[in-house]
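Colleague: fold the following, please.
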Amino acid sequence: MTRFFRNQGWVAGLFALFLALFVLTKLIQPGYGSGDFGSLVRAVLPYAFAVAAQTVVVIAGGIDLSVAAMMALTSVTAASMMNGASEEYALFVVPFVLAMGLVLGALNGILIVVTRVPDIVVTLATLFVLQGAALLVLGAPGGAAAEWLKASIVGTLPIPGLPDSIDAWVPKALVLLVVCLCIIWIPLRRSKLGLSIYAIGSSELAAFRSGVPVARTRIIAYALSGLFAAMGGLALTMSTGIGAPIPGPYLLASVAAVVLGGVALGGGKGGLLGPIVAVFVLRLVRTDLTLLAIDPNVTAIIEGAIMVAVVMFGAFITIRGRPAGAMP
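Modeller: All right, here's what the predicted structure looks like:
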């Protein structure tokens with residue numbers, strides 16, 4: 001236990017902060033219960049996948065500004081394909097959209113590696129391209145989602161042997177999130193590829209001298225980012241039942257949650273658990289502001305200010321952590 005808190009102290013602190021905010025939420029609205037928690041998890045779902053997409057790239061020493069636009073494109077693609085189609089057709093749509101995100105993410109990585117243009121420039125360019133493509137697929141919110149997909153994140157998951165009072169606090173959306181992230185992250189984190197991603201984020205030159213295939217690893221990192229972004233797009237369609245061609249506030253939220261979750265903006269440090277807990281913290285802050293009946297415009301200002309402050313703090317820590325004489 002001591003070793004866990006020493007290695008995961010930041011994550012433990014975030015858990016404590018989340019529990020404190022949850023207690024505050026109960027004080028603000030005593031009736032806040034399992035149903036409200038389920039709604040919170042469904043609202044967090046697209047953000048969580050956006051955070052996962054950003055986390056992989058940031059650990060590899062990069063950044064992906066196209067995450068939100070990729071979510072929009074995959075969301076409208078899925079909604080358009082499922083509109084008027086049979087329930088069984090969604091069994092084809094889901095893997096197709098996931099493969100689409102994987103390919104688009106890999107394309108980002110290839111452009112960065114081949115052109116040697118900074119990732120912030122490349123992904124900014126693809127952001128506009130993907131935004132335009134999303135609007136070409138659907139000019140306005142629309143389309144549909146298969147009923148079984150929508151049902152997969154609504155309600156709770158009964159667990160044999162546990163009382164109903166506990167089952168009520170296990171929403172399907174949370175189970176889906178945990179399963180999807182664990183299937184990819186746990187094998188990746190323990191694999192040679194995962195170590196290579198951390199290595200190029202820590203020091204690309206040192207990784208290259210150690211025999212790490214830097215270019216291939218960077219491309220795979222962006223491909224995984226695209227895969228997570230596609231999951232976010234599907235989650236968005238599953239939550240709303242339609243496709244959303246206009247990217248939501250997922251980009252800044254993903255960067256803020258990554259930094260708050262303990263991932264160094266310079267790369268090579270951090271994990272996925274911290275950012276996921278951080279996004280729950282940020283969304284619960286918004287819930288509390290809403291419950292306090294604060295003006296929505298003021299709520300947006302406060303939420304944006306928190307995100308900007310977190311990102312600026314992360315950038316400050318990154319700069320302070322660089323060796324003396326390093327280029328900014």
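Colleague: surely residue 175 is in contact with residue 156?
Modeller: No - look at residue 175 against residue 156 with CB atoms under 8 Å: they stay out of range, at 9.0 Å. C-beta: built from backbone N, CA, C; applies to glycine.
Colleague: and those two? Which one has more around it.
Modeller: Taking other CB atoms under 10 Å, residue 175 and residue 156 do not tie; residue 156 has more neighbours (20 against 16).
Colleague: identify the bridge partners of the more buried one.
Modeller: Beta bridges link residue 156 to residue 171 when assigned by DSSP bridges.
Colleague: which parts of the stretch 201-328 of the chain are helices?
Modeller: For the stretch 201-328 of the chain, the helices defined by DSSP state H, counting those that start in this stretch occupy 204-209, 214-240, 250-260, 273-291, 296-320.
Colleague: kindly reformat those as a markdown table containing distance to residue 92.
Modeller: Formatted as a markdown table, the helices of the stretch 201-328 of the chain follow (distance: least, CB to CB, whole Å):
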| stretch | distance to residue 92 |
| --- | --- |
| helix 204-209 | 39 |
| helix 214-240 | 13 |
| helix 250-260 | 26 |
| helix 273-291 | 29 |
| helix 296-320 | 37 |
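Colleague: what's the helix or strand for the nearest residue to residue 247 once chain neighbours are set aside?
Modeller: Distance criterion CB to CB, 6 or more residues apart in numbering; nearest residue to residue 247, sequence neighbours excluded, is residue 68 at 3.7 Å. Take DSSP states H and E as the rule and residue 68 turns out to sit in helix 67-82.
Colleague: output the contacting helices and strands for that helix.
Modeller: helix 34-59, helix 90-115, helix 119-137, helix 214-240, helix 250-260 (3 or more CB pairs under 8 Å, 6 or more residues apart in numbering; DSSP states H and E).
Colleague: next SSE after the worst-scoring helix or strand of the chain on mean pLDDT?
Modeller: Lowest on mean pLDDT, DSSP states H and E among the helices and strands of the chain sits helix 2-7, with a mean of 56. Using DSSP H and E, the next helix or strand after helix 2-7 towards the C-terminus is helix 9-28.
Colleague: what sits up against that following helix?
Modeller: Outside helix 9-28, the residues that touch it by CB atoms under 8 Å, 6 or more residues apart in numbering are 4-5, 32, 260-262, 271, 273-274, 277-278, 280-281, 284-285, 287-288, 291-292.
Colleague: now the helix holding residue 68: average pLDDT?
Modeller: If you average the pLDDT over helix 67-82, you get 95.
Colleague: next one: stretch 93-107
Modeller: The average of the pLDDT scores along stretch 93-107 is 96.
Colleague: repeat for stretch 136-150
Modeller: 90.
Colleague: for residue 113, which non-adjacent residue is spatially closest?
Modeller: residue 215 (4.6 Å).
Colleague: er, residue 289 actually
Modeller: In space, residue 289 is closest to residue 299, 4.5 Å off (CB to CB, 6+ apart).
Colleague: how many other residues sit next to the one you found?
Modeller: Around residue 299 sit 17 other residues, with neighbours defined as other CB under 10 Å.
Colleague: with residue 261 instead?
Modeller: Neighbours of residue 261 using other CB under 10 Å come to 26.
Colleague: same check, this time on residue 190
Modeller: Other residues near residue 190 come to 10 when the count uses other CB under 10 Å.
Colleague: what's it sitting at in phi/psi?
Modeller: Main-chain dihedrals, residue 190, degrees, to the nearest 10: phi -100, psi 0.
Colleague: tell me the pLDDT of it.
Modeller: 84.
Colleague: how near is it to residue 216?
Modeller: Residue 190 sits 19 Å away from residue 216 when distances are taken as CB to CB, to the nearest Å.
Colleague: returning to that earlier point: okay, the helix holding residue 68 in CSV with CA atoms only?
Modeller: C-alpha atoms of helix 67-82 as CSV (Å, rounded to 0.1, in the frame of the first residue of the first chain):
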residue,chain,number,x,y,z
VAL,A,67,-9.0,14.9,-31.6
ALA,A,68,-12.3,16.8,-31.4
ALA,A,69,-12.7,17.1,-35.2
MET,A,70,-11.9,13.4,-35.6
MET,A,71,-14.6,12.6,-33.0
ALA,A,72,-17.1,14.8,-35.0
LEU,A,73,-16.3,13.0,-38.3
THR,A,74,-16.5,9.5,-36.8
SER,A,75,-19.7,10.5,-35.0
VAL,A,76,-21.5,11.8,-38.1
THR,A,77,-20.2,8.8,-40.2
ALA,A,78,-21.6,6.4,-37.7
ALA,A,79,-24.9,8.2,-37.4
SER,A,80,-25.3,8.5,-41.2
MET,A,81,-24.5,4.9,-41.8
MET,A,82,-27.0,3.7,-39.1
